[in-house]
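Asker: my questions are about this predicted structure, shown below with the sequence.
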Amino acid sequence: MIHGCESPQIDPLARRAPHVSYRLTEPAAVLQEAGILAAFGFGAGAAQHDDPRWLRVALESLDTPTPLELWQIDADVHCGRNGALRWSAGGGWLFAAIELDERAHGGPRATAKLAYEELHRFAAAHSAHHVLRVWNYLGMINHGEGDEERYKQFCDGRAAGMGSFFADGFPAASAIGHHADGHQLQVYLLACDQPGRRVENPRQVSAWRYPRQYGRTPPSFARAMSLPAHDALAISGTAAVVGHASAHRDDLDAQLEETLTNLEALLASADIAAGFDTHSPLKAYVRHPTDAARVRALLRQRLPGVPVLLLHGDICRSELLVEIDGWRYA
Ligand code: 3EB
């Protein structure tokens with residue numbers, strides 16, 4: 001069989017991907033619906049709600065009004081708390097989240113290590129132990145010089161906390177800087193009782209092979225993860241990185257265009273038809289809020305009809321101005 005020119009078959013026996021969408025609603029209403037695995041609000045204005053499936057992401061939205069992000073599955077969901085961890089599960093899927101204050105756990109490196117130890121221990125004990133996708137939000141991400149930059153300390157701690165749990169390969173991920181309480185680390189994940197398939201981008205050096213100049217510990221993530229049924233691709237944070245270098249310093253438009261080229265390369269590498277569509281939600285993380293209007297206009301032009309949530313977030317390399325992640329459904 002020749003690979004690379006046809007779409008991968010959706011496996012009818014495998015777990016169907018959670019449906020991820022944005023919707024203008026309130027957590028109290030939406031968490032009563034069937035099959036809600038997780039719901040996310042964005043920024044300080046997001047509602048408070050005491051449900052383990054509800055997470056207030058520390059990133060401010062640059063869109064008003066701001067929708068919630070919903071993960072919905074075709075199964076009953078149960079949920080709970082386990083120490084600092086909160087989780088939900090159903091239909092073979094697992095959501096788990098942890099929020100830690102670095103001041104209580106010895107700084108950014110030790111806190112990232114602890115977060116990953118807690119999360120992988122919890123996942124390992126669960127039937128849904130294949131961690132497919134992780135989101136990491138930390139404060140002051142570009143503070144500090146050289147190897148002491150906080151993002152690099154996070155990378156050290158993440159790798160230490162992962163231990164050998166990801167020996168077969170890393171999950172897809174995003175790591176973004178927030179502007180809320182600078183010492184707050186938020187990490188959440190999606191796992192399944194069936195494995196996914198990791199996808200790399202041929203235009204980019206795999207992150208775990210980045211050369212020494214980017215830090216002691218290369219970033220532990222895959223560029224994307226095809227979910228078990230191959231009905232959705234979870235796309236990691238994607239920016240204007242070509243090879244291992246950042247491209248187009250100080251040029252927002254060119255960085256965005258390079259990012260879109262990288263996203264298309266990723267789809268091709270996953271054997272998915274080109275382009276994004278109206279039911280494949282993306283997020284654009286924008287370093288400077290003053291760039292939001294420009295990013296919104298360019299994305300409306302280049303990705304018409306695609307749901308994109310604009311968030312104020314710092315990218316892990318200080319020269320990068322914008323990053324995109326999200327989902328592509330088959
Ligand atoms: C890059 O391509 C941009 O450390 O988990 C993107 C996605 C980036 C995930 C992570 C970092 C991470 O290297 C940065």
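Answerer: Noted; the coordinates are in hand. Residues are numbered from 1 along each chain as shown.

Asker: wait, what's in contact with residue 248?
Answerer: 240, 254, 255, 258 (CB atoms under 8 Å, 6 or more residues apart in numbering). Every C-beta, even on glycine, is put in place using the N, C-alpha and C of the backbone.

Asker: check the residues you listed and tell me the two furthest apart.
Answerer: Farthest apart among those by CB to CB are 240 and 254. That separation is 7.2 Å.

Asker: partners of residue 22 in the sheet?
Answerer: Taking DSSP bridges as the rule, residue 22 bridges to residue 69.

Asker: count of residues packed around it?
Answerer: When neighbours are defined as other CB atoms under 10 Å, residue 22 has 19 of them.

Asker: and if you look at residue 310?
Answerer: By other CB under 10 Å, neighbour count at residue 310 equals 24.

Asker: and if you look at the one 4 residues further on?
Answerer: Other residues within reach of residue 314 by the criterion other CB under 10 Å amount to 26.

Asker: show the model's pLDDT score for residue 9.
Answerer: pLDDT, residue 9: 84.

Asker: no no, residue 2
Answerer: pLDDT, read off for residue 2, is 41.

Asker: returning to what we had before: just the buried ones out of the contacts of residue 248, please.
Answerer: Buried residues within the contacts of residue 248, counting neighbours by 16 or more other CB atoms under 10 Å: 240, 255, 258.

Asker: quick check, the last one in a helix?
Answerer: Right, the one you point to is residue 258. Yes. Applying DSSP: H, G, I helix; E, B strand; the rest coil, one finds residue 258 inside a helix.

Asker: quick one: contacts for residue 68?
Answerer: By CB under 8 Å, 6+ apart, the contact set of residue 68 is 22, 23, 24, 25, 26, 27, 30, 39, 40, 41.

Asker: can you count the residues close to the second one?
Answerer: Taking other CB under 10 Å as the criterion, the count of residues near residue 23 is 13.

Asker: look up how far residue 300 lies from it.
Answerer: From residue 23 over to residue 300 the distance is 20 Å, taken as CB to CB, to the nearest Å.

Asker: same question, the last one
Answerer: Per CB to CB, residue 41 is found 24 Å from residue 300.

Asker: of those two, which one has the most company?
Answerer: Higher neighbour count among residue 41 and residue 300: residue 41, with 21 against 12, using other CB under 10 Å.

Asker: is it true that that one touches residue 54?
Answerer: Yes. Assessed by CB atoms under 8 Å, residue 41 is found in contact with residue 54 at 7.4 Å.

Asker: and for those two, which residues touch both?
Answerer: Common neighbours of residue 41 and residue 54 (CB under 8 Å, 6+ apart) are residue 27.

Asker: residues near the residue in the chain positioned nearest to the ligand, how many?
Answerer: Using CB to the nearest ligand atom, the closest approach of the chain to the ligand is made by residue 237 at 3.1 Å. Residues lying near residue 237 (other CB under 10 Å) number 27.

Asker: ditto for residue 105
Answerer: 19.

Asker: the closest residue to it other than its chain neighbours: what's it in contact with?
Answerer: Once flanking residues are discounted, residue 105 sits nearest to residue 111: 4.3 Å by CB to CB, 6 or more residues apart in numbering. By CB under 8 Å, 6+ apart, the contact set of residue 111 is 100, 101, 102, 105, 157, 185.

Asker: of those residues, which pair is most distant in space?
Answerer: 101 and 157 (14.4 Å).

Asker: of those two, which one has the most company?
Answerer: Taking neighbours as other CB under 10 Å, residue 101 and residue 157 compare with residue 157 leading, 26 against 12.
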